[in-house]
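>>> structure, please.
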Amino acid sequence: MALKGTNQEYGRPYNRRIVLETIRLQGPIARGEIAKRVGLTVQTVSTIIRELEGNGFVLGAREERRRRGYPATELKLNPDGGHAIGLHVTPRGIEAALINLAGEVIARRERKLPRLKPTAAFDAIGDLVVALRKLKPRGRSLGRMLGLGLAMPGPFDVESMSFVGPTTLEGWSGVPIRERLAAKTGLPVFIEVDHAAAALGERLYGAARDIRDFYYLFFGVGLGGCMVQEGNALRGSHGNAGEIGHLPMVPGGEACPCGNAGCLERYLSCLALERGAQTLGVEGWIREVTPLFKSAIVAIENLFDPLTIVIGGIAPPDVLDKLIAAADPLPHSVAERRDRAIPRVTRSANGEDAVLRGAAALAVSGVLSPRFGLMFAANDPLMEREAAA
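The predicted structure follows:
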């Protein structure tokens, strides 16, 4: 995906993100090469580099100024120039991770709190954040803390589906989540539905780092998905796109808490895996759900035409591998092309950390990722709706 800057005055923050994203993806890289890649002047790039250096996000600029007359110094990201905390809250508890600017997991903590209530969750999160902020990676105190990203099950603000049923956070309706987390932690808070946060993490750090158009299928307690096109997550008019788990796919099937019957996540999700494994075993469950899985893959391909479908989440990686293998050969779809260079279905490179890295990336992306970063700005109307959910 080509990253291009803009000469409009309002585009200054965007240009800053573009330059830093280019350094992250292409570094070490000289400023002249950055200018060519993003379509800005060397002078403009140099001004941005000075700002990024002042914030501690970039290494190499000082050395370049001391070495005039020598070949241009190549600039690179400073992994310790900033950190963020990623949180994943599910019906089973809380996971938290400290992530540096390069997307590396420095440390992680978790609390098993089944069916947790908001007050208990916020207290636990406060304790986890305090513990993570006391850490000293590489023997040094943490650099700038960019913020806290929270991933949680969706959808948001839908009466019949939000905070209803075993795959959601029951009892959380009407809770001012962002405000309470900000008050508890003292950090800027970014909130996203878990499957979109995981897609962001995969785009920035995982299997889709070099893929501009992909679909992320997220196996959480329930099932969700997110289409990423030209590096941009398609979130829908109310931020609830991707609730593929609530597609009724089995006529006369199991009742779903959403009020429909035969919804996909009743058969294909971590909750469904655990239920099925009790009676069929894991292998038996895979055999039973493979036809549904294949139908879901074809539906996604025909609807969105992604370069690949990345499958990840909190499901065990070996189970996802077996499910992908069982689906071969896949049915015909628009994805069946002679010139295909990558598989139609790919397992996430992030494993179970995908959503945690993606959650932290919600905060990091305000600096790093020009497309995702603009989406998750603190004054984004979507953010306001989700925080109020």
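>>> count the neighbours of G27 for me.
17 (other CB atoms under 10 Å). Where C-beta positions appear, they are placed from N, C-alpha and C, glycine not excepted.
>>> going forward, begin numbering at 34 instead of 1
With 34 as the first residue, the last one maps to G60.
>>> which ones are touching it?
E107, L108, K109, L110 (CB atoms under 8 Å, 6 or more residues apart in numbering).
>>> quick one, what contacts the third one?
Right, K109. I56, G60, P61, I62, V91, L92, G93.
>>> how about 7 Å then?
I56, G60, P61, L92, G93 (CB atoms under 7 Å, 6 or more residues apart in numbering).
>>> neighbour-wise, which one of these leads?
Busiest of the contacts of K109 [other CB under 10 Å] is I56, holding 25 neighbours.
>>> what separates it from R45, distance-wise?
17 Å (CB to CB, to the nearest Å).
>>> Throw the contacts of K109 into CSV and include secondary structure, distance to L304 and pLDDT, thanks.
CSV is the format used below for the contacts of K109 (DSSP: H, G, I helix; E, B strand; the rest coil; distance: CB to CB, whole Å; pLDDT from 0 to 100):
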residue, secondary structure, distance to L304, pLDDT
I56, helix, 41, 91
G60, coil, 42, 85
P61, coil, 45, 91
L92, strand, 45, 91
G93, coil, 48, 85
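>>> could you dump these to a markdown table with distance to E86?
As requested, the contacts of K109 are exported to a markdown table (distance: CB to CB, whole Å):
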| residue | distance to E86 |
| --- | --- |
| I56 | 11 |
| G60 | 13 |
| P61 | 14 |
| L92 | 8 |
| G93 | 8 |
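>>> from those residues, pick the one nearest G275.
If you rank the contacts of K109 by distance to G275 using CB to CB, I56 comes first, at 30.4 Å.
>>> three-state assignment of E225?
strand (DSSP: H, G, I helix; E, B strand; the rest coil).
>>> do you know the pLDDT at it?
Looking at E225, its pLDDT is 90.
>>> which stretches of the chain have low pLDDT?
Within the chain, the set of residues satisfying pLDDT under 70 comprises 34-44, 94-105, 399-422.
>>> quick one, strands of it?
Assignment of strands within the chain using DSSP state E yields the ranges 91-92, 109-110, 115-123, 126-133, 138-145, 177-185, 222-226, 247-252, 256-262, 265-266, 341-346, 378-380.
>>> just checking: what are the partner strands of the fourth one?
Translated: strand 126-133. Each strand paired with strand 126-133, and its direction, by DSSP bridges: strand 115-123 (antiparallel), strand 138-145 (antiparallel).
>>> how about TSV for the ones you listed, with distance to L340 added?
Below are the strands paired with strand 126-133 laid out as TSV (distance: least, CB to CB, whole Å):
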stretch	distance to L340
strand 115-123	26
strand 138-145	27
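>>> most tightly packed of these?
strand 115-123 (a mean of 27; mean count of other CB atoms under 10 Å).
>>> would you quantify the distance from K355 to I333?
Taking CB to CB, one finds K355 at 20 Å from I333.
>>> more neighbours: the two, which one.
I333 (21 against 16).
>>> now do the buried residues in stretch 275-292.
Judged by neighbour count (16 or more other CB atoms under 10 Å), stretch 275-292 contains these buried residues: G275, E276, I277, G278, H279, L280, M282, G286, C289, P290, C291.
>>> just the endpoints, please. Distance across that stretch?
18 Å (CA to CA, to the nearest Å).
>>> A215: which of the buried residues of stretch 275-292 is nearest?
G275 (25.8 Å).
>>> what's that closest one in contact with, if anything?
H228, A229, G257, G258, C259.
>>> any idea how far it lies from R144?
G275 is 27 Å from R144, by CB to CB.
>>> picking that back up, out of the strands of the chain, the one nearest A360 is which?
strand 378-380 (7.0 Å).
>>> quick one: the helices in the stretch 234-383 of the chain?
Applying DSSP state H, counting those that start in this stretch to the stretch 234-383 of the chain gives helices spanning 303-337, 350-359.
>>> out of these, nearest to E86?
Judging the helices of the stretch 234-383 of the chain by CB to CB, what sits closest to E86 is helix 350-359, at 38.9 Å.
>>> for that closest one, the distance to its chain's centre please.
21 Å (CA atoms, centre = their mean, to the nearest Å).
>>> what's the angle from that helix to helix 303-337?
Angle, helix 350-359 to helix 303-337, by axes from the mean of the first three to the mean of the last three CA atoms, to 10 degrees: 50 degrees.
>>> got the buried residues for helix 350-359?
V352, L353, K355, L356, I357.
>>> got the angle for it vs strand 341-346?
Computed by the same axes, to 10 degrees, the angle between helix 350-359 and strand 341-346 is 150 degrees.
>>> which strands or helices does helix 350-359 pack on?
Applying 3 or more CB pairs under 7 Å, 6 or more residues apart in numbering; DSSP states H and E, one finds that helix 350-359 makes contact with helix 303-337, strand 378-380.
>>> let's see 10 Å
Counting contacts by 3 or more CB pairs under 10 Å, 6 or more residues apart in numbering; DSSP states H and E, helix 350-359 packs against strand 247-252, helix 303-337, strand 341-346, strand 378-380.
>>> hmm, who's touching it?
Contacts to helix 350-359, defined as CB atoms under 10 Å, 6 or more residues apart in numbering, come from residues 250, 252, 301, 303, 306, 310, 315-316, 318-320, 322-324, 326-327, 330, 342, 344-346, 348-349, 363, 376-381, 383-385.
>>> how about a cut-off of 6 Å?
I319, T323, I344, V378, R380, G384 (CB atoms under 6 Å, 6 or more residues apart in numbering).
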